[in-house]
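S.K.: A structural model of the following input is requested.
(3 chains)
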Amino acid sequence: MSMTTTPRRVTPVPIGVLAAIGIGFLAIPLVGLLLTTPWTRLPSLLASPVAIDALRLSLVTSLTATAIAILIGVPLAWVLARAQVRGRTVIRALVTLPLVLPPVVGGVALLLAFGRRGLIGQYLYDWFGVQLPFSTAGVIMAEAFVAMPFLVITVEGALRSADPRFEEAAATLGAKRWTVLRRITLPLIGPALLAGTILAWARALGEFGATITFAGNLPGVTQTLPLAVYAALDTDREAAIALSVVLLAASLAVLLLLRDRYLRGGAS
Amino acid sequence: MRRTRAALAVAVASLSIVVSSCGSDGAASSVTVGAAASLTDVLTRIGSDFTDETGIAITFSFAASSAIAEQIRSGAPLDAFASAGTTSMGPLVSEQLVTGVTDFATNSLTIAVPAGNPGGVTGLSDLERVSLVICQEQVPCGVATTSLLERAALTVSPVSLEPDVRSVLGKVIADEVDAGIVYITDATGRPGVEAVPIPDDVNVSTTYQAAVVAGSDQAIAAAEFITYLRGPQAQQLLRSAGFGAAP
Amino acid sequence: MTLSARLELTRGDFALALELDVAGGQTLGLLGPNGSGKSTTLRCLAGLESPQSGVIDISGTVVEDTSRGIAVPPETRSVGYVFQDYLLFPHMSVIDNVAFGLRSRGASKREAQESALRWLERLDIAELASRKPGQLSGGQAQRVALARALITEPDLLLLDEPLAALDAGTRASVRSLLRRHLADYAGAVVLVTHDPMDAMVLADRVVVLEGGHAVQAGTPADVARRPASTYVAQLVGVNMLRGDAVNGVVALTDGGDVRIADLDMSGPVIVALRPEAISVHLHHPEGSARNVWQSRVHSLEARGDLVRVEVDGPPALAAVITPAAVADLRLHEGADVWLSAKATDLDVYPA
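M.R.: This next block holds a predicted model:
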């Protein structure tokens, strides 16, 4: 039996082969999409009323959902990372739930809670005549529901790994709690906050199952880009592909914005 | 010693797999049928009766007819297609993707309301007033709905356009809307849903057709199933589910 | 500008019980090994931790009194804290770091930055104003941290191992700078260190902490001369000589002279020489050592595994060697010996 040493820089063949398969698995569907895109018709397809409605709606709802995710998510992350509350494990499980829950199940749950006969929804309907399903607000809720965990988890991670002693140093210098938060804590987790925001936005933009189950599907009101793709799929395939390319472009933009930051851990 | 025993076990296992799969050409064992969503309950029952009688196993894939047509176009491994309406079947015939098209039932539309009729819907004209859910106009039940609304000269503002009739029904059962337009068969005998009838003079009749998918290796068994569909036992079940006779 | 504190704290197996009194303008050195409770003491004084029981009085204001439930938070205490690893805010420039304390108290950005710049000039680092902490050397960061803590003119200044993070070369010069600024400072200073040299050079009074208790207190010279325990003796015992420096030679006040490496130093100085840096010989040693003294052994004392050899002056020095070396040299009280030390092993400070 002869012994040969492999220089470390050379990739072993089995690993190389599997990696190549992996790259193919991920790249081929995208290549397929790009090859079947009707590039010349793209402008006219995207200028149709359905497409414009879907684009505008997706943009508005995803940005609003992200804003909500930040407003509620950052304090939530702070509580998880810093506060001495009992039941932190339960809170963290709740926060992570939308990540593992199938989106349609999430939509059903939202319906049972906020639908016309839902736990909370029935009072909204009976007392104020407000029905969240079938409204744009419903879309925003569904998107915020699935997007918030990304923000909370990223920010919590950053708050945990941030050195709390900087805040102590600030306190010894005379900074009150609000000043410490504003000038020390938040700036130090800035990069992570940005990464979490971008991820949350991307997730909100792509949400389908919860939206269609909870908010329904009506052009201009609740038909976001993914729903428009689904609706067009069996009848106007080229329109469906055109809209898919828009979503693909948005996803690529997200990845470019994030570059290595999130993939490396997100801490400052 | 252990190595040879393991190798023997592997050889026996692979042999038995090969032998069992050999049985598939010749004696038919399983037929896959793509069928319209509105046929879900009744076809499942008809299918199990068929299997009891002939020993041929049946698997169903229920979805909107237009979706199934697309699947057949993309080469999905379906042996037969049961569609709601002729809109999806027609193009497949001209593209020679299906053979032996047969009508086997008809269906009409009805207004479905949640139990207790919270919107107080008594007729078509009420649909302009209450919250309404209908099928997307591209799917067969949507085609029928559009036709119905035209005939009845109604202008409605639905709150959602669902991808298939089951989703419409779901929203009605959940009491999220006051009314939905579904097939009569969807509302018949279903708890949580009441049916408000539509007058025959404006109602739209959808013809249900079945065909064998071209190139299927279970063509004979599939054809047998389609014949069974037109037979007395199947028609009896179809009738009690609310379907009308084939034209 | 005084400090009066009594602290009791228990954490797991560790118990701390300490009483401190520091007058304005005075520096108290808390000397002890790691784990002796030095940092915990500082944190309690700053308000970052609360003792189980105790009273802390800063310039007449009771900021902590466990019996009455008084616990003033750190941001309200008049305390400046220089941390062991400086903790300069990484996302702010040097000038913003220094200005932070003033801005937190309501000063405008312009006023605060003007004050900050003056402090940077005082510490000879004005040119670093727009740099970020990540671009600073250890010595520079140390000075920024000092400026940041002093700018608010606190009644109490706390220094946690201020020189520990510096390399040996920088340590001496920063120690010198610190000595100068502490001398000018009107408030009370508590300096925590494990390096006896820091205590000797910077402190007016020393408290030696061992296992959470003060085992000895006094002036640095007292503690060095009469160590209360073996630990203290091993800890301190640095040779401290006073004299006048001219052209690289220091004429010692008590007689004799010492050659130092810094030729520019002049005027009254303190020369610090570690006993471990002195070699003991039976005959006039050859070699590069610039300092050679002839002397007589005054006493031999076992200190743990080593032996402390004290010789008659001038200069009266102590050296530390192994028992084996003592045996080889056949040392005994009254024996004639030669001592040598390199000029580079001597630390010189302006007195």
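
S.K.: all contacts plus neighbour counts: C-alpha atoms, from now on.
M.R.: Fine.

S.K.: Chain C: helices as residue ranges?
M.R.: Along chain C, counting by DSSP state H, helices occupy C:38-46, C:94-104, C:109-122, C:138-150, C:168-184, C:196-202, C:220-225, C:230-235, C:323-329.

S.K.: near chain A, which residues of chain C?
M.R.: C:46, C:48, C:74-77, C:79-81, C:87-89, C:91, C:100-101, C:104-105, C:149, C:152 (CA under 8 Å from any CA of the partner chain).

S.K.: Point to the helix or strand of chain C where mean pLDDT is at its lowest.
M.R.: Least confident helix or strand, chain C: helix C:230-235 with a mean of 66, by mean pLDDT, DSSP states H and E.

S.K.: Just want the most central residue of chain B.
M.R.: In chain B, the centroid-proximal residue (CA atoms, centre = their mean) is residue B:36; its distance is 2.1 Å.

S.K.: Next up, the contacts around that one.
M.R.: B:62-65, B:68, B:82-84 (CA atoms under 8 Å, 6 or more residues apart in numbering or on different chains).

S.K.: List the ones among those that fall in helices.
M.R.: B:65, B:68.

S.K.: Pipe the contacts of residue B:36 into JSON lines and attach pLDDT and distance to residue B:122 per row.
M.R.: Formatted as JSON lines, the contacts of residue B:36 follow (pLDDT from 0 to 100; distance: CA to CA, whole Å):
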{"residue": "B:62", "pLDDT": "93", "distance to residue B:122": "31"}
{"residue": "B:63", "pLDDT": "89", "distance to residue B:122": "30"}
{"residue": "B:64", "pLDDT": "86", "distance to residue B:122": "28"}
{"residue": "B:65", "pLDDT": "88", "distance to residue B:122": "30"}
{"residue": "B:68", "pLDDT": "92", "distance to residue B:122": "35"}
{"residue": "B:82", "pLDDT": "95", "distance to residue B:122": "33"}
{"residue": "B:83", "pLDDT": "93", "distance to residue B:122": "30"}
{"residue": "B:84", "pLDDT": "87", "distance to residue B:122": "27"}
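
S.K.: Quick check, residue C:17 in contact with residue C:11.
M.R.: No - checked against CA atoms under 8 Å, the pair residue C:17 and residue C:11 is beyond contact range at 11.8 Å.

S.K.: Chain B: helices as residue ranges?
M.R.: Under DSSP H, chain B gives helices at B:2-22, B:40-54, B:65-73, B:89-94, B:140-151, B:165-173, B:184-187, B:219-230, B:232-241.

S.K.: and the gap between the residue in chain A that chain C sits nearest to and residue B:227?
M.R.: Here chain A gets closest to chain C at one residue, residue A:174, 3.9 Å apart by CA to the nearest CA. According to CA to CA, to the nearest Å, residue A:174 and residue B:227 sit 88 Å apart.

S.K.: now residue C:168
M.R.: Distance from residue C:168 to residue B:227, by CA to CA: 97 Å.

S.K.: quick one: which of the two has more around it?
M.R.: residue B:227 (14 against 10; other CA atoms under 10 Å in any protein chain shown).

S.K.: Now tabulate the helices of chain B in TSV and tack on distance to chain C.
M.R.: Supplementary listing: those in TSV, determined by distance: least, CA to the nearest CA, whole Å:
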stretch	distance to chain C
helix B:2-22	58
helix B:40-54	63
helix B:65-73	56
helix B:89-94	66
helix B:140-151	60
helix B:165-173	53
helix B:184-187	64
helix B:219-230	72
helix B:232-241	72
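
S.K.: want to throw those into CSV with distance to residue B:123?
M.R.: Shown next, in CSV, are the helices of chain B (distance: least, CA to CA, whole Å):
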stretch, distance to residue B:123
helix B:2-22, 56
helix B:40-54, 27
helix B:65-73, 28
helix B:89-94, 32
helix B:140-151, 13
helix B:165-173, 16
helix B:184-187, 15
helix B:219-230, 34
helix B:232-241, 23
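
S.K.: Out of these, which gets nearest to residue C:126?
M.R.: Closest of those to residue C:126 is helix B:165-173, at 71.3 Å (criterion: CA to CA).

S.K.: Check which helices and strands that closest one sits against.
M.R.: strand B:98-114, strand B:132-135, strand B:179-183 (3 or more CA pairs under 8 Å, 6 or more residues apart in numbering or on different chains; DSSP states H and E).

S.K.: Which one of those lies nearest to chain A?
M.R.: Going by CA to the nearest CA, the one of these nearest chain A is strand B:132-135, 9.2 Å.

S.K.: Tell me which other helices or strands that closest one touches.
M.R.: Using 3+ CA pairs under 8 Å, 6+ apart, strand B:132-135 is in contact with helix B:140-151, strand B:160-162, helix B:165-173, strand B:179-183.

S.K.: Need these in CSV (columns: mean pLDDT and mean neighbour count).
M.R.: Listed next are the helices and strands packed on strand B:132-135 as CSV, based on pLDDT from 0 to 100; neighbours: other CA atoms under 10 Å in any protein chain shown:
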stretch, mean pLDDT, mean neighbour count
helix B:140-151, 91, 20
strand B:160-162, 93, 25
helix B:165-173, 90, 23
strand B:179-183, 94, 29
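
S.K.: Tabulate the helices and strands packed on helix B:165-173 in a markdown table, adding columns for distance to residue C:28.
M.R.: Shown next, in a markdown table, are the helices and strands packed on helix B:165-173 (distance: least, CA to CA, whole Å):
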| stretch | distance to residue C:28 |
| --- | --- |
| strand B:98-114 | 83 |
| strand B:132-135 | 81 |
| strand B:179-183 | 84 |
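
S.K.: Would you mind measuring from the residue in chain B that chain C sits nearest to to residue B:179?
M.R.: Using CA to the nearest CA, the closest approach of chain B to chain C is made by residue B:160 at 50.2 Å. Relative to residue B:179, residue B:160 is positioned 11 Å away (CA to CA).

S.K.: which residues do the two both contact?
M.R.: Common neighbours of residue B:160 and residue B:179 (CA under 8 Å, 6+ apart) are B:132-133.

S.K.: what about the residue nearest to residue C:38 when sequence neighbours are not counted, how many neighbours?
M.R.: For residue C:38, ignoring the flanking residues on the chain, the nearest one in space by CA to CA, 6 or more residues apart in numbering or on different chains is residue C:192 at 6.2 Å. Using other CA under 10 Å, residue C:192 has 27 other residues around it.

S.K.: thinking residue C:192 is in contact with residue C:159, fair?
M.R.: Yes - the pair residue C:192 / residue C:159 is scored as a contact, 6.1 Å apart, by CA under 8 Å.

S.K.: Mutual contacts of the two, please.
M.R.: Residues touching both residue C:192 and residue C:159 (CA under 8 Å, 6+ apart): none.

S.K.: residue contacts, residue 120?
M.R.: Reading this off chain A. Counted by CA under 8 Å, 6+ apart, residue A:120 has contacts A:113-114.

S.K.: ah, no, chain C please
M.R.: C:126, C:129, C:144, C:147.

S.K.: Of those - the most surrounded one?
M.R.: Neighbour tally across the contacts of residue C:120 (other CA under 10 Å): the maximum, 29 neighbours, falls on residue C:144.

S.K.: Surely that residue and residue C:94 touch.
M.R.: Yes - the criterion here is CA under 8 Å, and residue C:144 meets it with residue C:94 at 6.9 Å.
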